[in-house]
Each structure stands twice: as C-alpha cells, then as structure tokens.
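[1] Turn this into a model:
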Amino acid sequence: MVRLLLASLLLASATPALASDADADAIDRVRIVLKFVKREAAPAIRFDPASCPACRPVATPLFDADNLRETVIALEVPRRRSLELVFRAAPAAVRRVILESGDVPFRAQRGGIVVAIPPVAGDAITAAEVATHIVEPGMVLRFEHADPARRAGAYATGPFPVVQRRAADHLEFAEREVVRQLDLGTEVERDGLGSIQIMGFDTNAPHGHVDAPPHVHMHLRWPDDTGTQIGHFYIGPDGLLTHNVVGVKGIGGVQRRFGRGETFTTIGRDGREVYSHRITPEGWLTIGRPGTAPCILRPAGHGGFDTGALVACPGQAPVRITVTDDPGVLTVVTGTITEVFRYDVDTGALLSPADVAAPPPSVYVAGRARRFPPGHSPD
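    Numbers count the residues shown, from 1 in each chain. Here you go, the predicted model:
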C-alpha cells in the first residue's frame with residue numbers, strides 16, 4: 001500500500017515537468033539575429049538563458065560570430081512577443097544593439113545589459129550583413145563592405161580575397177551602368193517583371209551564408225521569387241571572370257554551368273528573353289538584349305577588373321568606372337561624374353539622401369491626383 005502511494009506521488013510530481021517540456025516544444029518561435037557593436041576590443045557577449053526560458057540558441061553553424069567589431073548572437077524567440085533579454089557583457093563595451101538594419105534599445109544592469117526585443121512576426125536574421133543598398137527604378141545594387149576584421153566562413157583563414165573583392169566592386173557598378181544605358185530597369189518595372197538585383201559577395205558569412213568562391217550577380221528577381229534565375233559569375237585570383245553557374249530559385253538541384261564563350265539568357269516570368277550575359281574568352285563580360293549588339297565590360301587597366309572597368313555600349317563612348325570604399329564613404333567615378341554614398345559603418349545602411357521630397361500640393365505634377373473642397377476649383 002505504501003509503495004503504491006509513493007508511486008502515485010512520484011507520478012503526480014513528474015506530470016507537471018512533462019507538461020512543461022511539451023509546452024516548451026509547442027511554442028511558436030522565430031529566429032532573430034542580434035549584433036552587439038563593441039566600443040573596443042572586448043570579450044564576447046553571452047546570452048543569459050534565465051532571462052527567457054522559452055528562448056533557444058540557434059545551433060546552425062556561422063549564425064553566431066565574435067570579432068573585434070561585434071558579437072553576433074542568434075536565438076529562437078517566441079513569435080510576436082515583447083521581450084526583455086539579458087546578456088552578460090561589460091555595459092560600457094557595447095555601443096549599439098542591432099536587429100535587422102535598425103537599433104533596438106538596451107540598458108545596463110549589474111553584470112550585463114537588458115535588450116528590448118519588439119514583437120517579431122517572422123525570421124529577422126540579417127543583422128550581421130554589412131552592405132549598402134542603392135535603389136533605382138527596377139534595380140537594386142547591393143554593395144558588400146569587405147572587412148578583414150569580420151572575415152568568417154570560407155574567408156576566415158588564408159589570403160583575403162582583395163583582388164576579387166576589388167574586381168566585384170567595379171563589376172557591380174559597371175553592371176549598373178549597363179542597366180542604365182539599356183534602360184533595363186525601367187522596362188522590368190513597367191512590365192511587372194520584377195527587379196534586377198546586382199550583388200557581389202560577403203566575406204563574413206552572415207546568417208550562415210557562405211558566399212564563396214568570389215563572384216558577382218545580376219539576376220532578375222521575379223515578383224514571387226520562385227523561378228528567379230540566379231547567375232554566379234565567378235572571379236579568379238587574377239580579377240577576371242572564369243565561369244557562370246546558374247540556379248533557379250525554389251527549384252532545388254537545378255543548376256547549369258556556362259563557361260567562357262557561352263551565353264546565358266535571363267527569362268522573365270512571361271517567357272520573354274530580357275537580357276543575356278556572356279563571359280568572353282578573355283574573362284571579360286558582355287551584357288545586352290537578345291538579338292542586339294551587347295555592351296562590353298572589360299578591365300580598365302592591364303590585368304583584371306580590380307584595376308577598374310570600361311563599359312562600352314553600342315552607339316556610346318566607353319565609360320570608365322572606378323570605385324573606392326573607405327570606411328563610411330563609398331566613392332564611384334563614372335566617366336567625369338563622381339558620386340559619393342555615405343553609409344553606416346556598422347550596418348552598411350545608406351546615409352546619403354536617396355530621393356527628392358515631393359513638391360508642395362500647389363505645384364502641378366503629371367499623374368498626381370489633386371482634390372479640391374466642394375465648390376472650389378484650382379486657380
């Protein structure tokens with residue numbers, strides 16, 4: 001009888017623990033990545049799990065990072081909940097805490113800091129990226145800032161890809177010049193085909209993105225993403241292009257390799273051929289509308305694209321592209337035009353003005369609806 005009573009008591013006391021474990025597993029969570037920007041070289045910041053028993057660390061390799069600039073911590077947190085998470089750190093050593101591309105508030109407490117997390121509806125994992133986005137009609141250029149202090153993943157050791165990154169710098173803005181001269185961005189935006197995405201490669205493996213070997217992109221992102229053909233134009237140690245590997249978004253395992261001399265044509269979701277790329281036998285690049293003479297992108301100096309780029313489109317004089325990336329200031333020289341893009345050194349976010357404010361309501365602007373009070377008319 002005593003044994004039966006003890007067994008019953010043990011079973012009863014175990015039941016809540018089992019239920020708690022089940023409840024914890026049933027919690028709807030999303031992934032977040034927080035970047036703790038350091039004031040100076042300091043020990044890594046650590047999450048205090050006691051501050052959020054429902055939170056879990058992300059075990060995926062390369063989601064967490066620690067370097068001279070920052071500590072990056074990835075967590076699974078309850079979806080759409082306002083949280084205050086505690087992290088072990090010297091409060092004076094933390095300058096900012098970043099979620100996605102914006103700051104989140106934090107305060108000091110003994111032995112650490114408390115970070116206020118807003119309700120998060122979906123995964124928010126891009127805080128470790130350091131890239132500047134330049135948006136134009138039908139086009140987004142994503143310029144990655146390669147910092148040896150942040151190197152990780154495939155670039156964590158060995159020679160840093162300085163030549164390839166310089167080549168990518170010039171190729172990205174050379175592709176942008178082609179998009180402008182051929183008016184490709186306006187076409188894809190007008191016809192609802194999506195947006196042209198010009199990108200290089202990350203050297204810090206943000207959120208586990210091992211962006212290697214070095215390459216550039218110029219893909220047309222379809223409105224629903226799935227079906228987007230993403231070319232990877234790989235850059236050799238000499239700063240010249242070697243080959244292109246194309247995958248299709250949302251269709252796993254489908255890839256095709258295009259060598260030098262072979263043409264890859266980007267298709268819109270309506271089936272039209274939008275533009276074509278071809279790596280030349282020399283390792284240069286041509287871009288154009290199918291069936292027309294293409295623009296030619298070649299190195300500006302002896303060697304590879306790390307020396308700069310020359311863009312020659314049909315009927316236009318060749319234009320030289322030179323790009324310089326100093327901390328916080330990206331300078332792009334296109335022919336006789338010098339552009340300056342100032343950016344946040346911690347996130348890459350563009351700080352320079354990107355648009356013109358709208359004129360006042362009294363100014364006529366074609367296509368803008370104007371309303372007048374009953375009984376009134378414009379002057």
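[2] Okay, helices next: where are they in the stretch 1-150 of the chain?
    Taking DSSP state H, counting those that start in this stretch as the test, the helices found in the stretch 1-150 of the chain are 2-26.
[3] just the strands in it please.
    Listed in chain order, the strands of the stretch 1-150 of the chain (DSSP state E, counting those that start in this stretch) span 29-38, 46-47, 56-57, 65-66, 70-78, 83-88, 94-99, 102-103, 106-109, 112-117, 131-136, 139-144.
[4] now the ones you listed as JSON lines including mean pLDDT and distance to Pro206?
    The way it works is simple: take the backbone N, C-alpha and C, and place the C-beta from them, glycine included. Formatted as JSON lines, the strands of the stretch 1-150 of the chain follow (pLDDT from 0 to 100; distance: least, C-beta to C-beta, whole Å):
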{"stretch": "strand 29-38", "mean pLDDT": "98", "distance to Pro206": "8"}
{"stretch": "strand 46-47", "mean pLDDT": "98", "distance to Pro206": "19"}
{"stretch": "strand 56-57", "mean pLDDT": "98", "distance to Pro206": "17"}
{"stretch": "strand 65-66", "mean pLDDT": "97", "distance to Pro206": "8"}
{"stretch": "strand 70-78", "mean pLDDT": "98", "distance to Pro206": "8"}
{"stretch": "strand 83-88", "mean pLDDT": "98", "distance to Pro206": "20"}
{"stretch": "strand 94-99", "mean pLDDT": "97", "distance to Pro206": "12"}
{"stretch": "strand 102-103", "mean pLDDT": "97", "distance to Pro206": "16"}
{"stretch": "strand 106-109", "mean pLDDT": "96", "distance to Pro206": "21"}
{"stretch": "strand 112-117", "mean pLDDT": "97", "distance to Pro206": "19"}
{"stretch": "strand 131-136", "mean pLDDT": "98", "distance to Pro206": "9"}
{"stretch": "strand 139-144", "mean pLDDT": "98", "distance to Pro206": "9"}
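[5] Can you lay out the ones you listed as TSV showing mean neighbour count and distance to Leu350?
    Below are the strands of the stretch 1-150 of the chain laid out as TSV (neighbours: other C-beta atoms under 10 Å; distance: least, C-beta to C-beta, whole Å):
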stretch	mean neighbour count	distance to Leu350
strand 29-38	22	18
strand 46-47	18	30
strand 56-57	15	32
strand 65-66	20	23
strand 70-78	22	20
strand 83-88	18	29
strand 94-99	19	15
strand 102-103	12	13
strand 106-109	14	24
strand 112-117	19	25
strand 131-136	18	5
strand 139-144	21	9
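[6] Dump the ones you listed into a markdown table; add distance to Arg150 as well.
    Below are those laid out as a markdown table (distance: least, C-beta to C-beta, whole Å):
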| stretch | distance to Arg150 |
| --- | --- |
| strand 29-38 | 11 |
| strand 46-47 | 19 |
| strand 56-57 | 21 |
| strand 65-66 | 8 |
| strand 70-78 | 8 |
| strand 83-88 | 20 |
| strand 94-99 | 14 |
| strand 102-103 | 19 |
| strand 106-109 | 21 |
| strand 112-117 | 21 |
| strand 131-136 | 12 |
| strand 139-144 | 11 |
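[7] Nice, that's everything, thank you.
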